[in-house]
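Asker: Fold the following for me, if possible:
(4 chains)
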Amino acid sequence: MMEREALQAQITAINANVTFEEGGEMLNAFVDPKECRDLLQTLHNMDDLAFDYMFCLTCVDWKTHLTMVYHLESTKHRHVVVIKSKLDRENPEIDTMSDIWRTAELLEREVYELFGVRFINHPDLRKLLLSDEWEGWPLRKDYEDPINMIKL
Amino acid sequence: MISFEYIADNIDKWLNNTFSPWLALTIEFVIVGVLCIGLFAVLGLVLIMMERKVSAYMQVRLGPNRVGPKGMFQTVADTLKLLVKEGLTPAGSDKFLFNLAPFVVMIAAMLVLAPIAFAKNFQIWDINIGVLYVSAVSSIGVIGILMAGWASNNKYSLLGAMRSGAQIVSYELSAGLSILVVVIFTGDLSISQIIESQQTGWWIFRGHIPMLIAFIIFIIAVTAETNRAPFDLAEAESELTAGFHTEYSGMKFALFFLAEYVNIFIVCAIGATLFLGGWMPLHIGNWEAFNSIMDWIPSSLWFVGKTFFLIFVIMWFRWTFPRLRIDQLLNLEWKYLLPISMFNLLLATLIAIQGWYF
Amino acid sequence: MLEEIAVNDTGDLIINVGPQHPSTHGVLHLIITLNGETIKNIDPNLGYIHRSIEKMCESLSYRQFIYVTSRMDYLSSHINNHACALTVEKGLQIEVPERAQYIRVIMDELTRLASHQLWWGAAAMDVGALTPFFHAFREREMINEIMEETCGARLTMNYNVPGGVMADIHPDFQRKTKAFLAFFKDKLPEYDELVTGNIIFQNRMKDIGIISKEDAISYGCSGPTARASGVSCDIRKTHPYSIYDKVQFDEVLETTGDSFGRYLVRMQEMRQSIHIIEQLIDNIPEGDFQAKTKAVLKLPKGEFYTRVETARGELGVYIVSEGGLTPYRIKFRSPGFSNLSALNHMAKGQKIGDMVAIMATLDLVIPDIDR
Amino acid sequence: MFITQYIKEVFTGVKSLLIGMRRTGYYFTHHKEIITQQYPNEIPVMAERFKGEVIMLHDQNNEHACTGCTACELACPNATIKIVTKFDITPEGKKKKAIDKFVYHLELCTLCNLCIEACPTGAIKMGQNFEHSVFNRAELTKVLNKPGSKVRDDVE
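Answerer: Coordinates of the predicted model:
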């Protein structure tokens, strides 16, 4: 188990451009989408970090930009970190993590169809939940559902 | 005393006295045919009811209890429902084979009925190679199943039919070998002679260990041959939805269903005949008093009782065991049942030659 | 006529298992490429009952959204509600009364027992034994009755509210629960007699769907699925919530990683759940069952993540709040989704019958996958 | 040795099957263990807290406690409840807001109990009826206040 400050120092040592968010129960780190994959790869491979378990992968639409959120845990050391990456809303692109954590494959497909984030080098980027001819990205804030069954 | 033998003889005499021999024979054929179909209908109703009640009690529930007294007419109601349902033939299927298949299965089941002795001297046809006939004809049914699976133009059906083919062909071997053990002890292929030979005691008691092993293997093999759980891979509902009869509905489905139960009855009747003495009452050596008391119970009751006991055992299997996988099924046959039954046959031959049985 | 059967160029057979199929336990659609009876590839096609719960929650208040989560993994609905209530409490920094925490944990474990019982029956049914299903439902019925008496519903209880539970326990609750535990302990050996020891069942389950420890972690497996491979991932132990740090229980681990290992883990977990309930049932402290909360709940700006252990694995509730009446974004990390992603890896090279056995021991609940 | 191994395998396998058959055989012969309830003949008694449907309590004077404050309508996550108000003229000649219809859509209700928690006067509660099937969906939309009923005087 690594303390929050030590973890922060370790991550800064890997990539000096990473910024951290104050507060929150887990350590939140922001990284540029272009450097995201390298950072996560290192976090996964380094022995004293060993973030081998990705327990959550999701995306948040902030109306001005999208944020990819990766929740990582190490099953060996039991420390947790949250890596975030801001994406351009018009053309969201980020490298895939599916070869580092196999679970990311389906999770990224889900994020792709609900938010429209394109994952570069994803082995099989198809729609998972929705039908193939579905248009729009349902979980984005500006999505207008023509039938709108959920709006009360 | 009125027995089936007496009735049958009188009808035969009366027909031959009244009509010309040819006509009498034709009428007898018709009577036998009608009786067979009647037996099938009754068997279907009784066995399905029995299965539902057996399963219900094993599963801590009541089973059908609404239609008629204690739910006795539930199967009648189900049959009526199936009769009025639409018999669909899927587009893209081979219509001729698709419609033919249930009848092939049904006729194959009907044919095996011929040499079975239902009571003392009450037999459709006492053919002198009865046992051989039974083991030859009983595997014709698989053609119907293959036909159904192929003609349905459904992948599940095809997989189920291919499984069934592999299964019945391989289990036919050990069923045949265990029948052979009885034949060795009896020295005769005719069903009536085999029953006669159990006058002093049933083979299962007289035949020592080889007969016991043969009996167990026979029961396992026929369970597999009739596609019953734990060998119901042809219609494994959790894997292939309904296997070879996925596409069948209405009366065509009912025929498959009926054929399954009739087949169970037939194989159990054969098992009862070969190992448990058929209609022969329980005789022990030369205890004259005991034997004559047992003779008071009608022979037809003995036959029905033994057969239904075996049917119950097979149902008991079904409601207890999980299903095997296809390769485990074939492993069981080729690695366990077949070597054991071959060795058993050798042992039986030795015992029969030396006369070491009672 | 039969041209359609040979589908692709390599001569493989492609079959659609589901959306309506007896072994998928719901509307899961698997596109399976077969070579004979051997599986070459499984492509899951989801979304047949996707209700977009995450989007729906964005328009519901913090009191209202909890009920929706009962409908995700309906077999551990109480645990789902617990997770949501915990997240809201974390955001509002509500101190939950001890009595409510005890009640919640007992209910959690009862839910886990009910879920595992249903799984046991369904797993046996998937491999072809129909009788265990009814025996499992006999015991499950007793739990449902306990639930009905205290929570007012049998499956989707909606018993958790932010700050505690909706109502105090029924006066009969403790007595009935103890009676149930005594009855169930008597019946558990029957489960072993009927299914566990059975040679056919063991042959169907052993060495099937093996997943190594590394792969299980990489695929994000959790719950019994991962613990069968030796991954220590019980959230109740690694990140204790509520009063799980005060109770004694063991984390069940197996090392085989096959279907039989997953089966054994769940069977042992039932015994552990009984053990937990026994420790708590007589010691429920007096006090309030619900903390005083404001009528209108507003979470402060920020992000809140709660992890709990449901019957199927790790459930994560991720709430992003902008300080409004409703969550800005909610993400449910469902255990079934990640466990399903490992199905292809497990089933490749096995027979169709094995695929059914693997699905049975993964214990998939489709609404949990689709959300 | 191979042969002993083989025989042992067969023996243990058969034994495990027989143990299972003994269990089912036990239940086959012990009919007292049967737990079936024959539903339409034996109507189960639902627990006191059972959440079957929302009902409004009326006393013998055909009066209820609902003031039409719409707290339940706001608490409901599914828009199950719709309260239609009207204006009564009080004896002093003032207009007073009162409930006209308490419309309840059973087909939308998830029986989550939030409306009952929200009600300040205890006018509504959960009923025990669980037989809700009807032939026409429109029958599931109910008006909970009885015709001609009015608010009890002591309720504010």
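
Asker: the helices in the stretch 201-350 of chain C, which residues?
Answerer: In the stretch 201-350 of chain C, the helices defined using DSSP state H, counting those that start in this stretch lie at C:213-218, C:224-227, C:235-238, C:259-281, C:335-341, C:343-347.

Asker: any weak-confidence spans in chain D?
Answerer: Applying pLDDT under 70 to chain D flags the ranges D:91, D:93, D:155-156.

Asker: coming back round to it: pick the most buried one from the helices of the stretch 201-350 of chain C.
Answerer: Among the helices of the stretch 201-350 of chain C, helix C:224-227 has the highest mean neighbour count (mean count of other C-beta atoms under 10 Å in any protein chain shown), at a mean of 30. No exception for glycine: its C-beta is placed from N, CA and C like everyone else's.

Asker: so what does that one touch, helix or strand wise?
Answerer: The helices and strands touching helix C:224-227, judged by 3 or more C-beta pairs under 8 Å, 6 or more residues apart in numbering or on different chains; DSSP states H and E, are helix C:213-218, helix C:259-281.

Asker: quick revisit: could the helices of the stretch 201-350 of chain C be laid out in TSV, adding mean pLDDT?
Answerer: As requested, the helices of the stretch 201-350 of chain C are exported to TSV (pLDDT from 0 to 100):
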stretch	mean pLDDT
helix C:213-218	89
helix C:224-227	89
helix C:235-238	86
helix C:259-281	90
helix C:335-341	88
helix C:343-347	88
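
Asker: okay, these in CSV with distance to residue B:42 next?
Answerer: Output for the helices of the stretch 201-350 of chain C, formatted as CSV (distance: least, C-beta to C-beta, whole Å):
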stretch, distance to residue B:42
helix C:213-218, 56
helix C:224-227, 50
helix C:235-238, 60
helix C:259-281, 43
helix C:335-341, 49
helix C:343-347, 46
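
Asker: closest to residue C:196 out of these?
Answerer: Nearest to residue C:196 among the helices of the stretch 201-350 of chain C is helix C:259-281; the distance by C-beta to C-beta comes to 6.7 Å.

Asker: Show me what the closest one is packed against.
Answerer: Using 3+ C-beta pairs under 8 Å, 6+ apart: helix C:259-281 touches helix C:98-126, helix C:173-191, helix C:199-205, helix C:224-227, helix C:352-362.

Asker: Just give me the neighbour total for residue C:93.
Answerer: 7 (other C-beta atoms under 10 Å in any protein chain shown).

Asker: Ignore what I typed, I meant residue B:346.
Answerer: Using other C-beta under 10 Å, residue B:346 has 11 other residues around it.

Asker: do residue A:34 as well
Answerer: By other C-beta under 10 Å, 11 other residues sit near residue A:34.

Asker: So what touches the helix or strand containing it?
Answerer: According to DSSP states H and E, residue A:34 maps onto helix A:33-45. Helix A:33-45 has contacts (C-beta atoms under 8 Å, 6 or more residues apart in numbering or on different chains) with A:11, A:14-15, A:17-18, A:31, A:49-52, A:68, A:70, A:72, A:81, A:83, A:85-87, A:93-97, A:100-101.

Asker: Name only those of these that count as buried.
Answerer: For the contacts of helix A:33-45, a burial check counting by 16 or more other C-beta atoms under 10 Å in any protein chain shown picks out A:11, A:14-15, A:18, A:31, A:49-52, A:68, A:70, A:72, A:81, A:83, A:85-87, A:94-97, A:100-101.

Asker: List the ones among the residues you listed that fall in helices.
Answerer: A:11, A:14 (DSSP state H).

Asker: Might one say that residue C:190 is in contact with residue D:22?
Answerer: No: if you go by C-beta atoms under 8 Å, residue C:190 and residue D:22 don't touch, sitting 10.5 Å apart.

Asker: Mind checking which of the two has more residues around it?
Answerer: Higher neighbour count among residue C:190 and residue D:22: residue C:190, with 15 against 12, using other C-beta under 10 Å.

Asker: Nearest residue to the more buried one in space, please, no chain neighbours.
Answerer: Closest residue to residue C:190 apart from its sequence neighbours, by C-beta to C-beta, 6 or more residues apart in numbering or on different chains: residue D:23 at 6.0 Å.

Asker: Repeat that for residue D:97.
Answerer: Of all residues not flanking residue D:97 in the chain, residue D:85 sits nearest, at 5.5 Å (C-beta to C-beta, 6+ apart).

Asker: and if you look at residue B:262?
Answerer: Excluding the flanking residues, the one nearest residue B:262 by C-beta to C-beta, 6+ apart is residue B:109, at 4.5 Å.

Asker: Just want the phi and psi numbers for that neighbour.
Answerer: Main-chain dihedrals, residue B:109, degrees, to the nearest 10: phi -70, psi -40.

Asker: For burial, what's the neighbour tally of it?
Answerer: 26.

Asker: and what of residue D:11?
Answerer: 10.

Asker: What separation do you get for the residue of chain C found nearest chain B and residue C:57?
Answerer: Here chain C gets closest to chain B at one residue, residue C:128, 2.7 Å apart by C-beta to the nearest C-beta. With distances taken as C-beta to C-beta, to the nearest Å, residue C:128 is found 40 Å from residue C:57.

Asker: what do you get for residue C:147?
Answerer: 24 Å.

Asker: Tell me which of the two has more neighbours.
Answerer: A count of neighbours by other C-beta under 10 Å puts residue C:57 above the other of residue C:147 and residue C:57, at 26 against 23.

Asker: quick one, phi/psi of the single nearest residue of the stretch 51-200 of chain B relative to chain C?
Answerer: Relative to chain C, the nearest point of the stretch 51-200 of chain B is residue B:59 (3.8 Å; C-beta to the nearest C-beta). Backbone torsions of residue B:59, given as degrees, to the nearest 10, read phi -100, psi 30.

Asker: Any residue of the one helix or strand residue D:72 maps to touching chain C?
Answerer: Here residue D:72 sits within helix D:71-75, counting by DSSP H and E. Yes: against chain C, helix D:71-75 shows contacts by C-beta under 8 Å from any C-beta of the partner chain at residue D:75.

Asker: the strands in the chain, which residues?
Answerer: I'll assume chain A. A:19-21, A:27-30, A:53-61, A:65-73, A:80-88, A:93-95, A:118-120 (DSSP state E).

Asker: if you could check chain D rather than the one you did, that'd help
Answerer: For chain D, the strands defined by DSSP E occupy D:53-56, D:63-64, D:81-89, D:95-105, D:124-127, D:141-143, D:150-151.
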